[in-house]
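take a look and give me a structure for this.
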Amino acid sequence: MTHTMNPNLLLAIPLLPLGAAILAGLFGRLIGRTLASVVTIAGVAGALLLSLQVLRQLMFEGAPVYNDTVYTWLVTDGIRMQVGFLVDRLTVLMMVVVTFVSLCVHVYTIGYMHDDAGYQRFFSYISLFTFAMLMLVMANNFMQLFFGWEAVGVVSYLLIGFWYTRPTAIFANMKAFLVNRVGDFGFVLGIAGVVYFTGSLDYTDAFAAAPAIASKTLVLLPGHTWSAITVICICLFIGAMGKSAQMPLHVWLPDSMEGPTPISALIHAATMVTAGIFMVARMSPLFELSETALSTVLVIGATTALFMGFLGIVSNDIKRVVAYSTLSQLGYMTVALGVSAYSVAIFHLMTHAFFKALLFLAAGAVIIAMHHEQDMRKMGGLRHRMPVTYWTSLIGALALIGTPFFSGFYSKDALIEAVSESHRAGAGYAYVCVLLGVFITALYTFRMIFMTFHGKERLDHHAQDHFHDVGWDMKAPLVALAIPSLLIGFFTIQPVLFGNYFGSAIQVAEHNDVVAEIGHHFEGPVAFALHGPLGAPFWLALSGVVCAWLFFLRNPSWAAAVQSRLTGLHTLLVNKYYFDWFNENVLARASRGLGTLLWKAGDQAVIDGTLVNGSAAAVNWFAGIARRIQTGYLYSYALWMVVGLAVLLGWFLLKAH
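Numbers count the residues shown, from 1 in each chain. This is a model prediction of the structure:
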């Protein structure tokens, strides 16, 4: 029996977290800390349960895809700006991932933020963030997509700068805001391009018109024409580069670790940073028509995947190591998009959301236990003091490096195989990057595990005196995330990648379908995992773990010796390839210089000096002349009348001749 989806049920999914956010934010002092947390947790839990209900209807009850308008906000020049939902299997997968991770983060926050004065405000923000992300993924039009896109940006700004008395937090949230404005400028241009050629903001109209747009051209520079679909897709991808932190718009994400750890898990593992990946997958009908745009996506993703991983090796801040890992893994997802393996990108997005949120929350547990110490060089030997955190962290780490049978193995190996099957320009370079990235990922991940949990304790006296393991309000979310980190890949690889789970939600041209090529050799999740040790990724990951053990646990002096021999490379990595230096000392100074020039030459000289002060001086001069004429004497007025009459008479005589 087929059941159609209830629009009121769909509307309740984003509105529950929104209502909870309003209650906790505006009335937090009245309802108190406990009720603020209960209300927001209940709101997100309700959204998760309803999302699971929608998933059941789509998968097991044969419910059709829902695509309808909730209400029309504005109509201008024939363009309808509406709030509407497109709920298909791609949407509902994102809904379940977002609400599940958000629920875990909400529960974890009870313990993490227990002593913080901004307790209710924090719960309000994270609940509001969940609402914004749900509006983004459920949108059926570009207007609502852009609303959700900007809303997650605004709330992330508030969360990164949550401790607003810290100058570093204010600098970090401003940096995130400005970098995302660069990406969003491209995103708006892409949306404008769609509206220009279709006259509509609806996805359905844009996708239907995509073949027609592919035949059109745009003149961006005199004498140079560009494919319209390529320009639109690249502009849209620039937006994704900002949100999903792809080079060179990646610089905001590591600094965003200044915010409390729960938002690192929420924003930088499962939600905001994956919005760009989701958006490109949703726009697959457009991207499939531009090889140039897809090659651009591929090369940028591959570069990010490899070179951001290197930075994780030299970082000593436990949260920043996980942040650089997020950058690298987002690069992997972008690579999958670039080879038209959209389903693999979303599959890796899903598995990554669980094990990366787990690693962030585990890092937060360590930080709280260590009384807010984040330097791994001052840790060590914590596995005996924090057994639950250690074992869940180990599960997350094994999933991250792609250990057979763990969730990350299924998504990462499928991704690497998809790249190897692709013949797109840049695929060879991308394949080398993602393979080397496997070794780098294992190296920095187990460097973190060994330095934090193994070896001798390096706790200072302050940490020794104040050390305390976290409670079950923080441990329970770790266990809840560890289960899908271990199992979700095994149970979902068949339907999601090779069972046509996405249906028409993702469109791939037949000659680009690398996932179908992989599917010809797929014999089930067990055989896929058993085949793992026969491939290069397995041995590269194992080599990375062994190197981490040798250099950072067995003989730390080796790491110091390598660092002393490669001081130039180490300096380059510690300075993060000098992106921040370039942005702050070249771009920022050039911008300030241009602003000063425009201020002095334009504002002061032209506007103030010529237009404002100049016009005032001219009026003053004319008034001085007029005062001399307006004497009040009759003979003076008679004289001017005679002069005027003589001028008019002379003019008429000249015209007559």
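
which residue sits closest to Y444, ignoring its sequence neighbours?
Spatial nearest neighbour of Y444, chain neighbours left out: G312 (3.5 Å); criterion: CB to CB, 6 or more residues apart in numbering. For glycine as for every other residue, the C-beta is placed from the backbone atoms N, C-alpha and C.

what helix or strand is that neighbour located in?
helix 291-314 (DSSP states H and E).

tell me which stretches of the stretch 451-600 of the chain form helices.
For the stretch 451-600 of the chain, applying DSSP state H, counting those that start in this stretch gives helices covering 461-466, 472-498, 514-519, 525-530, 536-549, 556-565, 567-574, 579-582, 588-597.

what's the closest of these to G428?
helix 514-519 (14.0 Å; CB to CB).

that older thread, mind listing what the residue nearest to Y444 touches?
321, 324-325, 328, 440, 444-445 (CB atoms under 8 Å, 6 or more residues apart in numbering).

nearest to W226, of these?
Closest to W226, out of all of those and judged by CB to CB, is S328, at 31.4 Å.

which of the residues in the helix or strand harbouring V643 are buried?
Following DSSP H and E, one finds V643 within helix 634-656. Going by neighbour count (16 or more other CB atoms under 10 Å), nothing in helix 634-656 comes out as buried.

show me what it is packed up against.
Under the contact criterion of 3 or more CB pairs under 8 Å, 6 or more residues apart in numbering; DSSP states H and E, helix 634-656 touches no helix or strand at all.

in this structure M5 contacts Q53, no?
No: contact status for M5 versus Q53: not in contact, 9.3 Å apart, counting by CB atoms under 8 Å.

tell me which strands the helix or strand hosting T225 pairs with, and in which orientation.
Using DSSP H and E, T225 falls within strand 224-227. Paired neighbours of strand 224-227 in the sheet (DSSP bridges): strand 217-221 (antiparallel).

for the partner strand, buried residues please.
L218.

number the residues from 37 up from this point.
I'll keep to 37 as the first residue from here, and by that count the last item is strand 253-257.

D238 and A175 touch, don't they?
No: applying CB under 8 Å as the test, D238 and A175 come out as separate, 10.1 Å apart.

looking at the two, which one has more neighbours?
Neighbour count, other CB atoms under 10 Å: between D238 and A175, A175 has more, with 25 against 21.

residues contacting the more buried one?
A175 neighbours (CB under 8 Å, 6+ apart): 120-122, 181, 183-184.

among these, which are in strands?
120-122 (DSSP state E).

work out for me the element D104 sits within.
If you go by DSSP H and E, D104 is part of strand 102-112.

strands paired with that strand, and their directions?
Its sheet considered, strand 102-112 pairs with strand 115-123 (antiparallel) by DSSP bridges.

can I get the partner strand in PDB, CA atoms only?
Output of strand 115-123 as PDB, limited to C-alpha atoms (Å, rounded to 0.1, in the frame of the first residue of the first chain):
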ATOM      1  CA  ILE A 115       9.800  34.800 -10.400                       C
ATOM      2  CA  ARG A 116       8.200  33.000  -7.500                       C
ATOM      3  CA  MET A 117      10.100  33.000  -4.100                       C
ATOM      4  CA  GLN A 118       8.700  30.100  -2.200                       C
ATOM      5  CA  VAL A 119       9.200  27.900   0.800                       C
ATOM      6  CA  GLY A 120       8.900  24.300  -0.300                       C
ATOM      7  CA  PHE A 121      10.200  20.800   0.300                       C
ATOM      8  CA  LEU A 122      11.800  18.300  -2.000                       C
ATOM      9  CA  VAL A 123      12.000  15.100   0.000                       C
END
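
which parts of that strand are buried?
116, 118-123.

so where do the helices sit in the stretch 87-236 of the chain?
Going by DSSP H, counting those that start in this stretch, the stretch 87-236 of the chain shows helices at 125-148, 155-174, 178-196, 203-234.

now the ones you listed as JSON lines including distance to A242?
JSON lines is the format used below for the helices of the stretch 87-236 of the chain (distance: least, CB to CB, whole Å):
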{"stretch": "helix 125-148", "distance to A242": "16"}
{"stretch": "helix 155-174", "distance to A242": "17"}
{"stretch": "helix 178-196", "distance to A242": "7"}
{"stretch": "helix 203-234", "distance to A242": "5"}
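
can I get these in CSV including mean neighbour count, mean pLDDT and distance to E559?
Formatted as CSV, the helices of the stretch 87-236 of the chain follow (neighbours: other CB atoms under 10 Å; pLDDT from 0 to 100; distance: least, CB to CB, whole Å):
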stretch, mean neighbour count, mean pLDDT, distance to E559
helix 125-148, 25, 89, 24
helix 155-174, 26, 90, 33
helix 178-196, 22, 89, 39
helix 203-234, 18, 88, 41
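
what distance separates the helix or strand of the chain at the bottom of the mean pLDDT ranking from the centre of its chain?
The helix or strand of the chain with the poorest confidence is helix 497-502; it has a mean of 72 (mean pLDDT, DSSP states H and E). Relative to its chain's centre, helix 497-502 lies at 37 Å (CA atoms, centre = their mean, to the nearest Å).

ok, residues contacting stretch 597-606?
Contacts of stretch 597-606 (CB under 8 Å, 6+ apart): 350, 587.

please state the mean pLDDT value computed over it.
Regarding stretch 597-606, the rounded mean pLDDT is 83.

number of nearby residues for G473?
27.

do I have it right that it meets A341?
Yes: with contact defined as CB under 8 Å, G473 and A341 form a contacting pair (4.9 Å).

which residues touch the residue lying closest to F346 once chain neighbours are set aside?
Distances taken as CB to CB, 6+ apart place L609 nearest to F346, at 5.7 Å, with adjacent residues excluded. Residues in contact with L609 (CB under 8 Å, 6+ apart) are 346-347, 349-350.
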